[in-house]
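Enquirer: Pasting the sequence and the predicted coordinates here, then a few questions.
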Amino acid sequence: MKRENLHLPMEPGDMPMPKGKAQTGNSRKKPWWMIALAGLLIVAVTGGIVLGGGGHLPTASGYAIREAAYPEMAAYPDESSPDFERQYDAWWESVRAQRRSEGYADGLDHFWSESIPQFLAGEEGENKVYSPLNVYLALGMLAELTDGDSRQQILDLLGEDSMEKLRTQAEAVWNAQYRNDGATTCILASSLWLDEDVQFVSRTLQRLADTYYASSYRGAMGSEEFNKELQNWIDRQTGGLLTEQTQTLRLDADTVLALATTIQYHARWAGTFDETLTAPGTFHGTDGDVACDFMHDRSLGTYYWGEHFGAVARPLENGGGTMWIILPDEGISPQQLLGEEETMEFLLCKGDWTDSKYLNINLSLPRFDVSSQTDLCDGLQALGVTDVFDETRADFSPMAANPEGIYLSQDKHGVRVAVDEEGVTAAAYTVMAMSGSGMPPEDEMDFTVDRPFLFAITSDDGLPLFVGSVYQPAA
């Protein structure tokens, strides 16, 4: 069966076609972020610990005791430069250099397939979004702070049999996803926020810096100044997309440590929607019909189908990744679809799907702006991570000189995703506290997304950055 790569993610070694070499047509110089993915982790413990996060390059602070040094990359060249081809080749080599090993993400499918349906579960009709990669990195850092059964349960969920293997893989994941080249931004950042009156294990802080590029900040825990510094840091790292959430973020005086992780990702559609074709339409939501603007596009691409869904993909520019739209068959809800094994197989197949066909696709997709906040505590316990939530069994000895009474008491994950003609913007945070369709016609088909659907944003090599269910678009 013929399969072109127009609407498929790139293979890890493939070089994207530079715009200056092949693309023609609409090339507006409209500045835009396209996709911003960010995640925040905060863990707080009664009498002791909090882990929190934000993403983007750390900035100098009077509270800083260690700041991460990020890899340097060649900038994506100016397309009007007479030396464009040489600069382009240098840029692409620097992108490839970040992917240090083939198969670096092998073995992670277990965590993706277990956690995605768990953390997208919710009330029927409720928009939900989840960042698997953000939570993976957060759990990896949490494992560094724990020992004994507390650590082993995290390793089991992440599919690793030793900390050495987890460190190697987590570092490879971080580097493979890192992009800061002026064309695409994908930065996975982390930070530690330490109480100035508590003694910490320095080798653990160093290990987090080495593996997760974690910066460390120290101050008076619970003070308004230190809280404001954390809030401002997160806002900078998430581009101000989560200010409603960060305004209420506080670390109290009983907290000894906060750990923060974020993902921020920017890219453009490989082919934008023509704004002149956007028109009002009706979305048939669970709670009734709603009026919204539908974007329209006609292009050659691959249509995929399963027993209860149909799907298409839209690529992002310069190897920035892919956005997948999965439309359940009439009468099937996104929640029902998430409960089917075939759905997870498709989400993780990276476009290698037998039931597919290359043809003209008339896509109608609503603009949408959805957000959700999820408490991950029950979900993590359902997935086997239980001891960190029990103050009598939790073991945080690798982090604090006096770990007694430290346990995970809160774990919240908030995400926002917005889609328009230019692309996608998304932000997510996780707060942890310790205290369809059948085969299409021959040549052409309409793919009209006018009822609840699933989506996924994956990296260029298929790692799930964000997944979500949309029951009610809110443009």
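Expert: Nice, thanks for sending it over. Numbers count the residues shown, from 1 in each chain.
Enquirer: and the residue lying farthest from the centre of the chain, helix, strand or coil?
Expert: Going by CA atoms, centre = their mean, the residue of the chain most distant from its centre is residue 82, 36.5 Å out. When classified by DSSP: H, G, I helix; E, B strand; the rest coil, residue 82 comes out as coil.
Enquirer: Tell me the buried residues in stretch 77-95?
Expert: 77, 84, 87, 88, 91, 92, 94, 95 (16 or more other CB atoms under 10 Å). Every residue, glycine included, has its C-beta placed from N, CA and C.
Enquirer: Now do the SS call for residue 468.
Expert: Once three-state DSSP is applied, residue 468 turns out strand.
Enquirer: can you tell me which residues contact it?
Expert: The contact partners of residue 468, by CB atoms under 8 Å, 6 or more residues apart in numbering, come to 120, 127, 128, 129, 130, 370, 372, 415, 417, 454, 455, 456.
Enquirer: Residue 360 too?
Expert: 298, 299, 300, 443, 444, 445.
Enquirer: Pairing partners for the helix or strand containing residue 192, with directions?
Expert: Counting by DSSP states H and E, the element that carries residue 192 is strand 185-195. Strand pairing for strand 185-195, determined by DSSP bridges: strand 179-180 (antiparallel), strand 214-219 (parallel), strand 257-266 (antiparallel).
Enquirer: Mean confidence (pLDDT) on it, please.
Expert: Averaged across strand 185-195, pLDDT comes to 82.
Enquirer: Downstream of that strand, the next helix or strand is which one?
Expert: helix 202-212.
Enquirer: And that following helix, what's buried?
Expert: For helix 202-212, burial by neighbour count (16+ other CB under 10 Å) applies to 204, 205, 207, 208, 209, 211, 212.
Enquirer: Return the member of those nearest to residue 280.
Expert: residue 212 (45.8 Å; CB to CB).
Enquirer: In contact with that closest one, which residues?
Expert: 137, 140, 141, 170, 171, 174, 188, 190, 261.
Enquirer: Spatially, which two of those residues are the most separated?
Expert: Spatial extent of these (CB to CB) is set by the pair 171 and 261 at 14.1 Å.
Enquirer: could you say what helices and strands the helix or strand hosting residue 412 packs with?
Expert: Under the criterion of DSSP H and E, residue 412 resides in strand 410-419. If contacts are counted by 3 or more CB pairs under 8 Å, 6 or more residues apart in numbering; DSSP states H and E, strand 410-419 sits against strand 128-130, strand 368-375, helix 377-382, strand 424-433, strand 464-470.
Enquirer: switch the cut-off to 6 Å
Expert: Secondary-structure packing of strand 410-419 (3 or more CB pairs under 6 Å, 6 or more residues apart in numbering; DSSP states H and E): strand 368-375, strand 424-433.
Enquirer: which stretch in the ones you listed is the model least sure about?
Expert: Across the helices and strands packed on strand 410-419, strand 424-433 gives the lowest mean pLDDT, at a mean of 51.
Enquirer: What are the boundaries of the helices in this structure?
Expert: Listed in chain order, the helices of the chain (DSSP state H) span 19-22, 84-98, 109-120, 132-145, 148-158, 163-177, 202-212, 224-237, 243-246, 334-338, 341-347, 377-382.
Enquirer: For the fifth one, which outside residues touch it?
Expert: In this structure, residues lying in contact with helix 148-158 by CB atoms under 6 Å, 6 or more residues apart in numbering are 111, 139, 143, 383, 384, 385, 387, 388, 394, 395.
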